Structures are given as structure tokens and as C-alpha cells.
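Engineer: Below: sequence and its predicted model.
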Amino acid sequence: MEALRSIGATSVPVVAVGDKWVFGQSLDDVAKLTGIEYAAKAQLTPEQLVEKLDLILAAAQRYLCQFPADKLDTNVRGRKRTYRNLGYHIFRLQEAFLEVATGAEGMVIRELLNREAPAEMVTAPQIAAYGDQVRKSVRDWWEGIEDTSCQGVIETYYGTHSLHDVLERFTWHSGQHVRQLMMLLREDFGTEPDRPLSDDDLAGLPLPEKVWDD
């Protein structure tokens with residue numbers, strides 16, 4: 001990290017060549033920096049992403065309410081995030097996206113994404129109700145947007161990207177966490193998720209191969 005900070009990078013993943021660097025979140029940027037040929041897979045349209053996102057958020061609401069109430073404040077698999085905050089994070093991601101997309105916040109920064117659940121948001125149903133508010137906000141934003149191709153640009157901690165690219169990233173980010181909720185229900189609590197999402201439900205999203213990095 002000392003070497004990275006000396007060239008201006010403040011967090012990982014980073015790919016550096018000499019004193020030039022890019023965030024590893026953007027494979028297109030990595031390819032340009034390293035001179036590697038890279039053909040990105042075709043993206044879902046913004047409309048398709050919004051549809052996928054609502055499906056993902058609805059699933060998160062269902063699954064979170066299946067976790068034992070007395071386990072919500074237990075850390076997930078030894079990590080620093082509790083089940084309660086993992087569930088909250090899935091919805092907070094989209095609220096943060098909307099804050100930047102609508103101009104309420106000027107830039108996507110980590111602090112916007114990683115806020116913990118408010119102290120008064122204790123139970124799974126309370127977080128699920130918050131999820132309802134977020135889903136409505138996403139629908140309202142989409143219904144009111146003028147450029148449905150989402151070609152405007154957004155500043156993020158990992159570079160400048162089109163609104164389309166950022167919408168895709170935030171959609172699969174929540175989708176990845178929902179995959180984790182399904183796995184945790186099955187493996188840690190022996191509970192089958194209520195209407196589990198299928199590969200077809202998530203098709204077209206650039207999700208990591210692994211559901212969980214051990």
C-alpha cells in the first residue's frame with residue numbers, strides 16, 4: 001500500500017504500470033493501461049437492468065426475513081459485517097446510486113456505499129420495509145428519466161463511467177450479495193430460500209464465478 005499511495009492510489013484493487021495506475025474494477029481501463037486486447041461482453045439495456053434490479057431487491061427482502069431473528073447481529077462467517085448490515089447494504093447500494101444519479105451527491109465514494117443500518121432499523125421486516133422504499137425510488141427514477149440510454153457520465157471512486165456502466169455495476173453488486181444470502185440460508189441455517197433466484201434470473205449480469213471468496 002505504501003508503494004501504491006506513492007503514485008496516488010488509496011485503495012485496492014489497483015493495476016499499476018510504473019507510475020500509472022487504474023482501479024481494477026474496470027476491466028476496460030485495465031486493458032487500456034496494459035495494452036491487452038479486451039472485448040467486453042454485451043450489456044443488458046438500462047431497462048433490462050432496472051427490471052433485474054427490482055427482481056434482486058424483492059428477493060433480498062424475502063431472504064432476509066428467513067434468517068433467525070436472534071442471529072441478525074452476528075457477524076457473517078467471521079467477517080466484520082453482520083447479517084443485518086449485509087441485508088441493509090443490498091438496499092443501501094441502490095439508494096447511494098440514486099443519490100449520485102439524481103445529483104444529490106456529486107460522486108460515488110465508498111463511504112456512501114458502506115453505511116451501516118441505522119440503530120432503529122433492528123428487525124428484518126424493518127429492513128425489508130426500507131427495501132420497499134428503495135424499490136419505489138428506483139421505479140420513480142426510471143419513470144422520470146429522460147435519457148433512457150443512460151449515456152451521461154458519473155464520477156466514481158474507480159473512475160469516470162457512463163450511467164449505464166454504473167447502473168450495471170450496482171445491479172450485479174446487489175445480485176452478488178443476494179446470491180450470498182441464498183448460500184448462507186442453505187449452508188449456515190439449513191433453510192431453502194423462498195423462491196430462489198435462478199441462473200436465468202441473473203443472466204446477462206457480469207457476476208463473479210464464486211458466490212463467496214473464502
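Structural biologist: Everything's here; your move.

Engineer: Apart from its neighbours in sequence, what residue is nearest the residue nearest the centre of the chain?
Structural biologist: Nearest to the mean C-alpha position of the chain, by Cα atoms, centre = their mean, lies His173 at 2.6 Å. Counting by Cβ to Cβ, 6 or more residues apart in numbering, His173 lies nearest to Leu93, which is 5.7 Å off, once chain neighbours are set aside. Yep, even glycine has a C-beta here, placed from its N, CA and C like the rest.

Engineer: how many other residues sit next to the one you found?
Structural biologist: 22 (other Cβ atoms under 10 Å).

Engineer: contacting residues for it?
Structural biologist: By Cβ atoms under 8 Å, 6 or more residues apart in numbering, the contact set of Leu93 is 113, 170, 173-174.

Engineer: Same list, these, but as JSON lines with secondary structure please.
Structural biologist: Shown next, in JSON lines, are the contacts of Leu93 (DSSP: H, G, I helix; E, B strand; the rest coil):
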{"residue": "Leu113", "secondary structure": "helix"}
{"residue": "Phe170", "secondary structure": "helix"}
{"residue": "His173", "secondary structure": "helix"}
{"residue": "Ser174", "secondary structure": "helix"}
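
Engineer: what number of residues lie near Glu143?
Structural biologist: Counted with other Cβ under 10 Å, Glu143 comes out at 8.

Engineer: scratch that, Val122 is what I was asking about
Structural biologist: The burial count for Val122: 14, using other Cβ under 10 Å.

Engineer: one step back: name the member of the contacts of Leu93 with the most neighbours.
Structural biologist: Going by other Cβ under 10 Å, Ser174 tops the contacts of Leu93 with 25 neighbours.

Engineer: does that one really touch Leu55, like I thought?
Structural biologist: No. Using Cβ atoms under 8 Å, Ser174 is not in contact with Leu55; the gap is 10.3 Å.

Engineer: shaky segments in the protein?
Structural biologist: The chain contains residues with pLDDT under 70 at 214.

Engineer: got the domain boundaries for this protein?
Structural biologist: The chain breaks down into these domains under automatic domain parsing: 2-34, 46-202.

Engineer: Can you tell me which of those domains is nearest to Trp212?
Structural biologist: domain 46-202 (5.9 Å; Cβ to Cβ).

Engineer: starting at the chain centroid, how far to the closest one?
Structural biologist: Taking Cα atoms, centre = their mean, to the nearest Å, the mean C-alpha location of domain 46-202 is offset from the chain mean by 6 Å.

Engineer: any idea how far the residue nearest to the centre of the chain lies from Gly190?
Structural biologist: To Gly190, His173 is 27 Å away according to Cβ to Cβ, to the nearest Å.

Engineer: In CSV: the domains of the chain, plus distance to Lys210.
Structural biologist: Compiled in CSV, the domains of the chain are given as follows (distance: least, Cβ to Cβ, whole Å):
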stretch, distance to Lys210
domain 2-34, 15
domain 46-202, 9
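
Engineer: out of these, deepest packed?
Structural biologist: domain 46-202 (a mean of 17; mean count of other Cβ atoms under 10 Å).

Engineer: First-to-last residue distance for it?
Structural biologist: Criterion Cα to Cα, to the nearest Å; first-to-last residue distance in domain 46-202 is 15 Å.
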